[in-house]
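Participant: pasting the sequence and the predicted model now:
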Amino acid sequence: MAAPRRLVQYIVVRGDLQRVLAWPLGALVAQACHAATAAIHLHYSHEDTQQYLQGLESMHKVVLEAPDEASLLALAEILKQASVDHKIWIEQPENIATCIALRPYPKEEVHRHLKKFKLLK
């Protein structure tokens, strides 16, 4: 029997929310949680999502940083064009894009779209 594929859920958060707009760290974490949960919910029935959820104790997430809203929205367009399942989180009532979460994917299928983003610090 083949080993299950290693799945990862990528989350890309706007770094300028904290650095420029002075959002507290907790607010940034909440945005990532909202987006990750929404992406899982929207793609719950996908085989990769189900496999990811079966490994509850070994889930793998990578949180990356987009410099600003423009770069986040550009990424959303790239993902859309490449048919990569994702959720862009729009925070209300501000109505601003704060982060993107992909559904769980094998790293090799999506990493090329995300490699220009660094880990969130």
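Facilitator: Sure thing, it's come through.
Participant: CA only for contacts and neighbour counts going forward, please
Facilitator: OK.
Participant: which helix or strand in the protein has the lowest average pLDDT?
Facilitator: In the chain, no helix or strand scores lower on mean pLDDT, DSSP states H and E than helix 16-19, which sits at a mean of 91.
Participant: restrict whatever helix or strand comes next after that one to CA atoms and write it as CSV.
Facilitator: Where DSSP states H and E defines the elements, the next helix or strand beyond helix 16-19 is helix 25-42. The C-alpha trace of helix 25-42 is given here as CSV (Å, rounded to 0.1, in the frame of the first residue of the first chain):
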residue,chain,number,x,y,z
LEU,A,25,-1.1,40.1,16.0
GLY,A,26,-4.2,38.5,17.3
ALA,A,27,-6.3,40.1,14.5
LEU,A,28,-3.9,38.8,11.9
VAL,A,29,-4.1,35.3,13.3
ALA,A,30,-7.9,35.6,13.3
GLN,A,31,-7.9,36.5,9.6
ALA,A,32,-5.7,33.5,8.8
CYS,A,33,-8.0,31.2,10.9
HIS,A,34,-11.1,32.6,9.1
ALA,A,35,-9.6,32.0,5.7
ALA,A,36,-8.3,28.5,6.5
THR,A,37,-11.6,27.4,8.0
ALA,A,38,-13.5,28.8,5.0
ALA,A,39,-11.3,27.1,2.5
ILE,A,40,-11.7,23.8,4.3
HIS,A,41,-15.5,24.3,4.4
LEU,A,42,-15.8,25.3,0.8
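Participant: list of residues touching the helix or strand following helix 25-42?
Facilitator: Downstream of helix 25-42, the next assigned helix or strand under DSSP H and E is helix 47-54. Applying C-alpha atoms under 8 Å, 6 or more residues apart in numbering, the contact partners of helix 47-54 are 7-8, 40, 43-44, 59, 103-105.
Participant: could you check the angle helix 47-54 makes with helix 25-42?
Facilitator: For helix 47-54 against helix 25-42, the angle by axes from the mean of the first three to the mean of the last three C-alpha atoms, to 10 degrees is 120 degrees.
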